[in-house]
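Q: Here's my sequence, what's the structure:
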Amino acid sequence: MDPLLGVKIGCLAGLLVVPLLCGLIPAQVQWFQVNMARGKHRRILSFIGCFAAGVFLGACIMHMVADALGDIREEIEKQQGSFVSKQNSTSESDDSEGYPFGELIISFGFFLVFFIESMVLYCCPQAVHSHSDPEAHDDHKGAPESHSSFRAFVLFLSLSFHSVFEGLAIGVQKEETGAVQLCLAVLIHKAIVAFSLALKLVQSGTRTQWRLLYLVVFALMSPAGIAIGIGVSLSDSDGSGLAQAVLEGVAAGTFLYVTFLEILPYELRSHESPLLKFFFISLGFFIMAVIAIWA
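A: Sure, this is the predicted structure:
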């Protein structure tokens, strides 16, 4: 077997097992069930939730939005380069103040989820809790209504979609060292995000069977991306880079919506110390920012 292929297969296995195990901790351990928490236990869970909010904020800005903007800009420049004549190519490449297509695509993803949720709430107000555990919501009467299983599903969907592109980046690596370095960064990132995602699914009251399904699918996304990347690298195909970049931008927009309209407001409305909440949110963001150095 080609050593590079062996390294990629090892990365595939690691990115399947580790995030799944990390996600199962809050999903299956009763200590993380918010409806059982009282006093100090509830405060600790609240601070863990704030840390998770910081993780999602960092993942949103430092990873998803940054990756999407970079990829969209790169693909648009490629498309422009193929249509610009040689005598004008220099002046075109020096023009860095073009229309912000990347920001427009990300905004489309944001408004897409906004529109879908508005339609769901208008047509069927109870649908936002269709996958929820009724007993869990009985203990969340004081919680913000926005902390629903619908937005938990959108969170899962956008994270899973982004994970495919993370795996794809590993699968198309041409050197063993690059593949290992990128895999380690993605592995740490996905392990923390999987834990945080499972915590949000628990807090939203999502039923146990749905939580497990979400976590398994989420864990499979990066390995699926690696497999696709291996296939692309073996076939020597350029693929549809622009379409992938656009889809990644839409996914980043959906994640932006959930992060700022669901996760952060929910955590900031709790009654714990504002400074401690700030500290744990900042800590989660800082960890994602450090990981972005290598990812």
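Q: For the rest of this, base every contact and every neighbour count on C-alpha atoms.
A: Will do.
Q: what residues are up against the nearest residue to residue 211 once chain neighbours are set aside?
A: For residue 211, ignoring the flanking residues on the chain, the nearest one in space by Cα to Cα, 6 or more residues apart in numbering is residue 201 at 6.4 Å. Taking Cα atoms under 8 Å, 6 or more residues apart in numbering, we find residue 201 in contact with 27, 149, 152, 211.
Q: so where does residue 201 fall, helix or strand?
A: helix 176-203 (DSSP states H and E).
Q: Likewise for residue 12?
A: Using DSSP H and E, the element containing residue 12 is helix 3-28.
Q: The helix or strand following that helix: how far from the chain's middle?
A: Per DSSP H and E, the first helix or strand lying C-terminal to helix 3-28 is helix 40-58. Put simply, helix 40-58 sits 17 Å off its chain's centre (Cα atoms, centre = their mean, to the nearest Å).
Q: got the angle for helix 40-58 vs helix 176-203?
A: Angle of helix 40-58 versus helix 176-203, following axes from the mean of the first three to the mean of the last three Cα atoms, to 10 degrees, is 130 degrees.
Q: What are the contacting residues of helix 40-58?
A: Helix 40-58 is contacted by residues 32, 34, 37, 192-193, 196-197, 199-200, 259, 263-264, 267-268, 270, 272, 276-278, 280-289 when judged by Cα under 8 Å, 6+ apart.
Q: Skipping adjacent residues, who's closest to residue 114 in space?
A: Using Cα to Cα, 6+ apart and skipping the chain neighbours, the partner closest in space to residue 114 is residue 257 (7.5 Å).
Q: thinking again about what came up before, distance from the helix holding residue 201 to the middle of the chain?
A: Once both centres are worked out by Cα atoms, centre = their mean, helix 176-203 turns out to sit 10 Å from its chain's centre.
Q: what does stretch 73-80 give?
A: Centre-to-centre, stretch 73-80 and its host chain are 24 Å apart (Cα atoms, centre = their mean).
Q: just stretch 175-185 next, same as before
A: That offset, for stretch 175-185, works out to 20 Å (Cα atoms, centre = their mean).
Q: Using CSV, write out every CA atom in that stretch.
A: Written as CSV, here are the backbone C-alpha positions of stretch 175-185 (Å, rounded to 0.1, in the frame of the first residue of the first chain):
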residue,chain,number,x,y,z
GLU,A,175,2.4,14.7,1.3
GLU,A,176,2.3,12.5,4.4
THR,A,177,3.4,15.3,6.7
GLY,A,178,0.8,17.7,5.5
ALA,A,179,-2.0,15.1,5.9
VAL,A,180,-0.9,14.3,9.4
GLN,A,181,-0.7,17.9,10.6
LEU,A,182,-4.0,18.8,9.1
CYS,A,183,-5.6,15.7,10.5
LEU,A,184,-4.4,16.5,14.0
ALA,A,185,-5.8,20.0,13.9
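Q: change the start of the numbering to 51 and stick with it
A: Got it, first residue is 51 now, which makes that one stretch 225-235.
Q: what does that stretch contact?
A: Here stretch 225-235 has contacts from 53-54, 57-58, 61, 65, 220-221, 223, 341-342, 344-345, using Cα under 8 Å, 6+ apart.
Q: pLDDT averaged over that stretch - what is it?
A: Regarding stretch 225-235, the rounded mean pLDDT is 80.
Q: Most neighbours out of the contacts of stretch 225-235, which is it?
A: residue 221 (31 neighbours; other Cα atoms under 10 Å).
Q: tally of neighbours for the residue nearest to residue 164?
A: 22.
Q: follow-up on the earlier one: so which of the contacts of residue 251 are in strands?
A: Of the positions in these, not one sits in strands, assigned by DSSP state E.
Q: In terms of model confidence, name the weakest of those.
A: On pLDDT alone, residue 199 ranks lowest of these, at 70.
Q: For residue 257, see how far away that residue is.
A: From residue 199 across to residue 257, the span is 9 Å (Cα to Cα, to the nearest Å).
Q: what's the answer for residue 157, then?
A: Computed as Cα to Cα, the residue 157 to residue 257 distance reads 31 Å.
Q: shaky segments in the stretch 151-300 of the chain?
A: The model of the stretch 151-300 of the chain has pLDDT under 70 over residues 174-198, 285-290.
Q: Mind listing what's buried along stretch 319-335?
A: Buried residues in stretch 319-335, counted by 16 or more other Cα atoms under 10 Å: 320, 327, 329, 330, 331, 332, 333, 334, 335.
Q: give the contact list for the fifth one.
A: Counting by Cα under 8 Å, 6+ apart, residue 331 makes contact with 100, 101, 102, 103, 104, 105.
Q: Now flag whichever of the residues you listed is closest to residue 237.
A: Proximity of the contacts of residue 331 to residue 237 (Cα to Cα) peaks at residue 105, which lies at 14.2 Å.
Q: Done for today, thanks.
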